[in-house]
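Student: next comes the sequence, and after it the predicted model I'd like to discuss.
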Amino acid sequence: MHVCRGNWSKQEDVLLSGDYAKLLPALERMKIDQFVLEYATPRAGDIEVVGRALSDRELGLGVVNPRTDSVESVEYIVGKAEQALEFYQPKQLFLNTDCGFGCFASRSVNVEEVAFKKLCAIVEAAKSLRKKYA
Amino acid sequence: MDQTFLTTQVGSWPRSKTMLKALRGYQKGTVPKKEYLAVAENEIKRTVELQEKAGLDILVDGEHRRESFYAFITDKVAGTQLMSLADMLDYVEDKAEFEEMLRTMDMPASAIKNPTCTGKLSRREPLALEDFRFLRSITKKPVKITLPGPYLLTRSMWVGALTHKVYRNHKKMADDIVKILREELIDLRDAGCDFVQFDEPVLTELIMSEECERRTFM
């Protein structure tokens, strides 16, 4: 299951803000294998909140912001994953975007060229992590 | 496949001008369904090639056929009507507040469309089974299909002035939504779909927006 804080605008300040703490009682009860969550934005709060409560499931870790023009560095993505590794095993950890690149047909939040580069950065980070934590 | 740090994306890909034109034409009835689907399939093929080129492990189709990640169901579910947020101004309880919300949240009233419930809900055709079959036919990699979650749909589809004639309350409508999603999930599982992701962005809205009763219809 995927949860985010809105993906309709490139203005970060109009999107919602807050960690997952208040959602935990609901998330814990769900019969869901994997939570796909935003973490590439500071608005999502600390990984520890979910890591402490839901490490019996898989985590789809959001490591790139689909709304920005700059591409996250491989080091940044590896760093995010390493924070999650304090709570999750490598096989439980999936790396993904924070949300889609065009949830609303008329309001894509990015262009294909940037989206492609962001995917490449995620793949490079995964390669580096596999070498380190194989 | 290496089973650690598997890479994927959440679902949707930027739409090209060609795709948008075909979608709008199909919705207006000026572009035949077959032609719109053919355009979408070309876009999906390109999106899949890009994901393979990037080296992603689990692929998505980019949701090119969809108006949005949830409003697309109006094409598949009986008892629904696709309405822009601007169309809905006539039906919301507090018009001034609704307009203010759209403005302050930078929410484009014409670009965001809602799958409003106006009749008894049932699956006219599968929501995403054909999407899965097409995606399966063009890649050997594991694939993921996205579906709107039951909470998102219940919150957006209920527009009191229009829905109340059919369902006594949200819960009665939600029972039918859950039934539709269950049927779809079972179909996708039986067809061999590797991953099904339910999208529930509205959960954060409930706990993080200042105004819990605020209705963003997404």
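Tutor: Now that the structure is in, tell me what you want to look at.
Student: nearest to chain A: which residue in chain B?
Tutor: The minimum distance from chain B to chain A, using C-beta to the nearest C-beta, falls at B:S12 (3.2 Å). Just so you know, the C-beta spots here come from the backbone N, C-alpha and C atoms, and that holds for glycine as well.
Student: gap between the one helix or strand A:V50 maps to and the chain center?
Tutor: Per DSSP states H and E: A:V50 is located in helix A:47-54. Counting by C-alpha atoms, centre = their mean, to the nearest Å, helix A:47-54 is centred 14 Å from the centre of its parent chain.
Student: contacts for it?
Tutor: A:19-21, A:24, A:27-28, A:35, A:37, A:39, A:59, A:61, A:80, A:83-84, A:86-88 (C-beta atoms under 8 Å, 6 or more residues apart in numbering or on different chains).
Student: now the strands: where do they sit in chain B?
Tutor: B:6-7, B:77-84, B:113-123, B:144-148, B:195-199 (DSSP state E).
Student: let me have those in a markdown table, extended by distance to B:K171.
Tutor: Output for these, formatted as a markdown table (distance: least, C-beta to C-beta, whole Å):
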| stretch | distance to B:K171 |
| --- | --- |
| strand B:6-7 | 37 |
| strand B:77-84 | 16 |
| strand B:113-123 | 13 |
| strand B:144-148 | 18 |
| strand B:195-199 | 19 |
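Student: most tightly surrounded among those strands?
Tutor: strand B:144-148 (a mean of 24; mean count of other C-beta atoms under 10 Å in any protein chain shown).
Student: quick one: list the elements packing against that one.
Tutor: Contact here means 3 or more C-beta pairs under 8 Å, 6 or more residues apart in numbering or on different chains; DSSP states H and E; on that basis strand B:144-148 packs against helix B:129-138, helix B:170-191, strand B:195-199.
Student: switch the cut-off to 7 Å
Tutor: The helices and strands touching strand B:144-148, judged by 3 or more C-beta pairs under 7 Å, 6 or more residues apart in numbering or on different chains; DSSP states H and E, are helix B:170-191, strand B:195-199.
Student: related to what we said a few turns ago, just the ones in strands from the contacts of helix A:47-54, please.
Tutor: Per DSSP E, the contacts of helix A:47-54 map to strands at A:F35, A:L37, A:L59, A:L61.
Student: in the helix holding A:V50, which residues are buried?
Tutor: A:I47, A:V49, A:V50, A:G51, A:A53, A:L54 (16 or more other C-beta atoms under 10 Å in any protein chain shown).
Student: same list (those residues) but as a markdown table, adding pLDDT and distance to B:F5.
Tutor: Compiled in a markdown table, these are given as follows (pLDDT from 0 to 100; distance: C-beta to C-beta, whole Å):
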| residue | pLDDT | distance to B:F5 |
| --- | --- | --- |
| A:I47 | 94 | 15 |
| A:V49 | 94 | 21 |
| A:V50 | 95 | 18 |
| A:G51 | 96 | 16 |
| A:A53 | 96 | 22 |
| A:L54 | 96 | 18 |
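Student: quick revisit: return the closest of the ones in strands among the contacts of helix A:47-54 with respect to A:L15.
Tutor: For those, the minimum distance to A:L15 (C-beta to C-beta) is 14.6 Å, reached by A:L37.
Student: so which of the contacts of helix A:47-54 reach chain B?
Tutor: Among the contacts of helix A:47-54, no residue lies close to chain B (C-beta under 7 Å from any C-beta of the partner chain).
Student: any of the residues you listed buried? List them.
Tutor: A:D19, A:Y20, A:L27, A:F35, A:L37, A:Y39, A:L59, A:L61, A:K80, A:A84, A:F87, A:Y88.
Student: I'd like the ones in strands among the contacts of helix A:47-54 laid out as TSV, including distance to B:Q197.
Tutor: Formatted as TSV, the ones in strands among the contacts of helix A:47-54 follow (distance: C-beta to C-beta, whole Å):
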residue	distance to B:Q197
A:F35	10
A:L37	12
A:L59	13
A:L61	14
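Student: tell me which of the helices and strands packed on strand B:144-148 sits most buried.
Tutor: Of these, the one with the most neighbours on average (mean count of other C-beta under 10 Å) is strand B:195-199, at a mean of 21.
Student: do that strand and chain A meet at all?
Tutor: Yes - remark: strand B:195-199 sits within contact range of chain A at B:Q197, B:F198, B:D199, by C-beta under 7 Å from any C-beta.
Student: okay, and the beta partners of the first one?
Tutor: To tie it back to what came earlier, the one meant is B:Q197. B:T146 (DSSP bridges).
Student: what residues are up against the residue of chain A most remote from its centre?
Tutor: Distance from the C-alpha centroid of chain A, by C-alpha atoms, centre = their mean, peaks at A:S106 (23.6 Å). With contact set as C-beta atoms under 7 Å, 6 or more residues apart in numbering or on different chains, A:S106 has these partners: B:L20, B:A111.
Student: how about B:P148: what's its closest non-neighbour residue?
Tutor: Counting by C-beta to C-beta, 6 or more residues apart in numbering or on different chains, B:P148 lies nearest to B:Y70, which is 3.6 Å off, once chain neighbours are set aside.
Student: okay, now the one you found: neighbour count?
Tutor: 26 (other C-beta atoms under 10 Å in any protein chain shown).
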